[in-house]
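Engineer: predicted model and sequence below, questions to follow.
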Amino acid sequence: MYSEVIQQAAAGLAETIQSTAIPLYGDIVRLPDRKEVIGILKDLRKVLFPAYFGNKALMNQPAQDYEAQLLSEIQLHLEEQIALCLPLTEENTRRAQEISLDLISRLPAIGRMLLKDLEATFDGDPAAESSEEILFAYPGLYAIFVYRVAHPLYEHHVPLIPRIMSEYAHSRTGIDINPGAVIGEYFFIDHGTGIVVGETTIIGNHVKLYQGVTLGALSPRFGHNSIPGKRHPTVEDNVTIYSGATILGGNTVIGANTVVGGNAFLTRSVSGNTKVVIKAPETIYENA
């Protein structure tokens, strides 16, 4: 029925998927639906910014009723996806409901945080003509929105879903914020492409990052578990980090009110109220 080439390839693949240490075949793996998770993100934007992303036909009712209707749908979908991430037990079924309800309960506070991020973006970018433009078009605010709704799920140790959310934002914006990072108020990302914020990063209030900034970890010398605990930097309040700067290491602290210039490379702490500037290379002009 099948050619010899097909049969040999199928046999080789079957041997691989059936002998590997991680499950690759059969129905023993419970996984969330990536499209459903992305759909939940879209619905959360309808809740948090309804005039811009919501269903206009539903807005002929009081705002509270509009929100309650959408929140009910979001909670059920989220509960279902969380349950798919966990071993099938009665306890985990209850846990999935509790986690989904906890995220719903946090949404008013998340909404207020995002409005502060919106304000920081408008105040920090002279090219922004309006808050509406930022909401519709700015990748930085979108990446921050996804981080702020994924972070509570990370705190609950929900597998897969927070990372699906953050990697979806990464694919759309070029901004990679691990959902485990801790980020304060009035966070502003300018331009954004190429920004990396690692899992154990701590960022204070009123921090501004430009494109290409890496808040990363030193490479583990002896594999996955060789650097336990905090691996990424701490950035205190009112810090600006310009494009291309790289800051590495869990013990590295950038003190408050510091400015880190473009292309700086730091693996040691910087005290507060400091300007870090890389000496410009000599430019030589020659006649052609």
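Structural biologist: Ah, there it is. Numbers count the residues shown, from 1 in each chain.

Engineer: now the helices for this protein?
Structural biologist: For the chain, the helices defined by DSSP state H occupy 4-19, 34-48, 50-53, 63-85, 90-124, 131-137, 139-155, 161-173.

Engineer: residue 41 and residue 249: what is the separation?
Structural biologist: 32 Å (Cβ to Cβ, to the nearest Å). Quick note: C-beta positions are derived from backbone N, CA and C, even for glycine.

Engineer: let me fix that: residue 47
Structural biologist: Taking Cβ to Cβ, one finds residue 47 at 38 Å from residue 249.

Engineer: which residues in the stretch 151-288 of the chain form strands?
Structural biologist: Ranges of strands in the stretch 151-288 of the chain, per DSSP state E, counting those that start in this stretch, are 176-177, 182-183, 188-190, 196-197, 202-203, 208-210, 214-216, 234-235, 240-241, 246-248, 253-254, 259-260, 265-266, 275-276.

Engineer: buried sites along stretch 263-271?
Structural biologist: For stretch 263-271, the buried set under the neighbour-count rule, 16 or more other Cβ atoms under 10 Å, comprises 264, 266, 270.

Engineer: got it, and stretch 85-105?
Structural biologist: 85-86, 95-97, 99-100, 103-104.

Engineer: pLDDT at residue 155, what is it?
Structural biologist: Residue 155 is assigned a predicted lDDT (pLDDT) of 98.

Engineer: count of neighbours near it?
Structural biologist: 16 (other Cβ atoms under 10 Å).

Engineer: what's the pLDDT at residue 12?
Structural biologist: 95.

Engineer: if I pick it, what's in contact with it?
Structural biologist: With contacts taken as Cβ atoms under 8 Å, 6 or more residues apart in numbering, residue 12 has no neighbouring residues.

Engineer: and it, how far from residue 18?
Structural biologist: 11 Å.

Engineer: then residue 98?
Structural biologist: For residue 98, the distance to residue 18 - Cβ to Cβ - is 37 Å.

Engineer: cool, and residue 40?
Structural biologist: Counting by Cβ to Cβ, the gap from residue 40 to residue 18 is 34 Å.

Engineer: which one of the two is surrounded by more residues?
Structural biologist: Neighbour totals were compared for residue 40 and residue 18, and residue 40 leads with 23 against 11 (other Cβ under 10 Å).

Engineer: how about the contacts made by the more buried one?
Structural biologist: By Cβ under 8 Å, 6+ apart, the contact set of residue 40 is 74, 77-78, 81.

Engineer: residue 41 too?
Structural biologist: Taking Cβ under 8 Å, 6+ apart, one finds 146, 149, 165, 168 in contact with residue 41.

Engineer: how about the first one, nearest residue that isn't a chain neighbour?
Structural biologist: When you say that, I think you mean residue 146. With Cβ to Cβ, 6 or more residues apart in numbering as the criterion, residue 146 has its nearest non-adjacent residue at 3.8 Å, and that residue is residue 169.

Engineer: against residue 68, how distant is the one you found?
Structural biologist: 27 Å.

Engineer: look at the two and report which has more neighbours.
Structural biologist: More neighbours surround residue 169 than the other of residue 169 and residue 68, with 23 against 12 (other Cβ under 10 Å).

Engineer: so what pLDDT did that one get?
Structural biologist: Value listed for residue 169 in the pLDDT field: 98.

Engineer: is it true that it touches residue 140?
Structural biologist: No: the pair residue 169 / residue 140 is not scored as a contact, 10.4 Å apart, by Cβ atoms under 8 Å.

Engineer: list residues touching both of those two?
Structural biologist: Shared contacts of residue 169 and residue 140, defined by Cβ under 8 Å, 6+ apart, comprise residue 175.

Engineer: now do the contacts for residue 123.
Structural biologist: Here residue 123 is in contact with residue 188 (Cβ under 8 Å, 6+ apart).

Engineer: with residue 240 instead?
Structural biologist: Residues in contact with residue 240, defined by Cβ under 8 Å, 6+ apart, are 207-208, 210, 258-260.

Engineer: circling back to that earlier point, just flag the most distant two among the contacts of residue 40.
Structural biologist: 74 and 81 (10.6 Å; Cβ to Cβ).

Engineer: more neighbours: the two, which one.
Structural biologist: A direct count of neighbours by other Cβ under 10 Å for residue 74 and residue 81 places residue 81 higher, at 24 against 21.
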